[in-house]
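[1] Sequence and predicted model, in that order:
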Amino acid sequence: MADDERGIDAHLRITGISAGYGPVAVIHDITMTVARGEIVTVIGPNGAGKSTLLKAVIGVLPLLEGSITLGEERIDGLRTDRIARRGVGYVPQVRDVFESLSVRENLEMGGYVLPRHEVAARIEEVLEVFPALAPMRDRQAGTLSGGERKMLAASRVLMTRPTLLVLDEPTAGLAPQLAHSMLREHVTRLAATGAAVLLVEQRAREALAISDWAYLMTSGAVLMSDRASTLANRDDVGEIFLGSSVRASGPERTL
């Protein structure tokens with residue numbers, strides 16, 4: 001099924017983009033869509049270009065071709081701060097909190113674009129999404145556990161009421177049980193706020209289990225796309241992760 005035949009009201013539309021470092025393209029002719037309230041996961045082996053894709057979406061890398069549209073507005077070519085102000089929240093894999101600041105101060109930093117008189121009330125709203133953080137308001141972020149840090153990173157991004165959340169391997173460095181909780185509980189809560197969620201995750205099976213749609217990338221291109229549940233049941237997905245079915249190039253295979 002091609003992306004323009006999914007029958008969704010896409011909030012994020014990535015159309016035929018290529019991007020990389022300087023004139024050298026790392027990702028080629030990528031087309032993806034994400035609707036509000038939907039979790040779309042991008043999986044693939046190391047070096048597939050997943051992080052490069054996210055950097056292109058948030059404006060860190062310029063496009064060599066193609067377009068990225070959020071709602072009705074093209075955002076490719078805008079500065080990263082302007083993309084953030086348009087409603088794009090990004091949670092990086094590392095360096096995701098300000099360790100020397102308290103939980104409350106991290107959230108205040110996340111609300112930098114809000115009028116000052118709205119910040120305190122917004123903190124309370126965000127803590128309703130992640131109530132486990134509420135009793136930790138005055139704790140220094142550097143003392144939090146790995147799972148608590150990830151919750152804080154997601155909460156800080158929520159401060160600006162983003163319409164698109166871009167998550168780069170939110171389970172990185174977490175123990176298996178915490179990783180399971182992060183995906184099953186916390187990422188799904190983010191989608192429940194009504195935001196579109198674009199997720200890159202190495203724990204492919206667990207990510208697919210919570211996702212609506214999925215893309216499999218290899219060698220900088222989309223190899224397959226389908227409903228996440230369908231992709232999870234394909235025997236050859238495991239082979240691709242092991243490298244035996246990776247193609248260097250070629251058109252997208254839809255399932």
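    Thanks, I have the structure now. Residues are numbered from 1 along each chain as shown.

[2] Now do the strands in the stretch 151-255 of the chain.
    In chain order, the stretch 151-255 of the chain shows strands spanning 164-168, 196-200, 213-218, 221-227, 253-254, with DSSP state E, counting those that start in this stretch as the criterion.

[3] do the stretch 1-150 of the chain as well
    According to DSSP E, counting those that start in this stretch, the strands that the stretch 1-150 of the chain contains are 10-21, 24-35, 39-43, 63-70, 73-74, 88-91.

[4] before we move on, the earlier item: can you add distance to Ala132 and mean pLDDT and give the strands of the stretch 151-255 of the chain back as CSV?
    Every residue, glycine included, has its C-beta placed from N, CA and C. CSV is the format used below for these (distance: least, Cβ to Cβ, whole Å; pLDDT from 0 to 100):
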stretch, distance to Ala132, mean pLDDT
strand 164-168, 18, 95
strand 196-200, 20, 97
strand 213-218, 28, 95
strand 221-227, 31, 94
strand 253-254, 39, 37
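
[5] Out of the ones you listed, flag the one nearest Gly37.
    With Cβ to Cβ as the criterion, Gly37 lies closest to strand 196-200 of the strands of the stretch 151-255 of the chain, at 7.2 Å.

[6] Show me the contact partners of stretch 155-165.
    11-12, 34, 36, 70-71, 84-85, 87-91, 97, 106-107, 109-111, 113-114, 119, 122-123, 126-127, 129-130, 133, 154, 190, 193-198 (Cβ atoms under 8 Å, 6 or more residues apart in numbering).

[7] Same question for stretch 228-245.
    Among residues not part of stretch 228-245, those counted as contacts by Cβ under 8 Å, 6+ apart are 39, 41, 44-45, 204-205, 207-214, 216, 218, 223-225, 246, 255.

[8] Now tabulate the strands of the stretch 1-150 of the chain in TSV and tack on mean pLDDT and mean neighbour count.
    Compiled in TSV, the strands of the stretch 1-150 of the chain are given as follows (pLDDT from 0 to 100; neighbours: other Cβ atoms under 10 Å):
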stretch	mean pLDDT	mean neighbour count
strand 10-21	95	19
strand 24-35	95	20
strand 39-43	96	26
strand 63-70	97	18
strand 73-74	96	12
strand 88-91	92	24
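
[9] Quick one: closest of the strands of the stretch 151-255 of the chain to Leu178.
    When the strands of the stretch 151-255 of the chain are compared by Cβ to Cβ, strand 164-168 sits nearest Leu178, at 15.4 Å.

[10] relative to strand 39-43, how tilted is that closest one?
    Counting by axes from the mean of the first three to the mean of the last three Cα atoms, to 10 degrees, strand 164-168 points 30 degrees away from the direction of strand 39-43.

[11] Relative to strand 164-168, what are the paired strands and their orientations?
    Pairing partners of strand 164-168, with direction, according to DSSP bridges: strand 88-91 (parallel), strand 196-200 (parallel).

[12] picking up where we left off before, now distance to Val60 and mean neighbour count too, for the strands of the stretch 151-255 of the chain, in CSV please.
    Rendered in CSV, the data for the strands of the stretch 151-255 of the chain read as follows (distance: least, Cβ to Cβ, whole Å; neighbours: other Cβ atoms under 10 Å):
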stretch, distance to Val60, mean neighbour count
strand 164-168, 11, 24
strand 196-200, 14, 26
strand 213-218, 18, 26
strand 221-227, 20, 21
strand 253-254, 29, 13
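
[13] Let me see the ranges of the helices in this structure.
    In the chain, helices defined by DSSP state H lie at 50-57, 80-85, 103-110, 116-129, 146-158, 176-181, 188-192, 204-210, 228-232, 235-242, listed in chain order.

[14] The ones you listed into JSON lines, with extra columns for distance to Gln140?
    Listed next are the helices of the chain as JSON lines, based on distance: least, Cβ to Cβ, whole Å:
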{"stretch": "helix 50-57", "distance to Gln140": "28"}
{"stretch": "helix 80-85", "distance to Gln140": "25"}
{"stretch": "helix 103-110", "distance to Gln140": "8"}
{"stretch": "helix 116-129", "distance to Gln140": "17"}
{"stretch": "helix 146-158", "distance to Gln140": "11"}
{"stretch": "helix 176-181", "distance to Gln140": "20"}
{"stretch": "helix 188-192", "distance to Gln140": "24"}
{"stretch": "helix 204-210", "distance to Gln140": "30"}
{"stretch": "helix 228-232", "distance to Gln140": "37"}
{"stretch": "helix 235-242", "distance to Gln140": "38"}
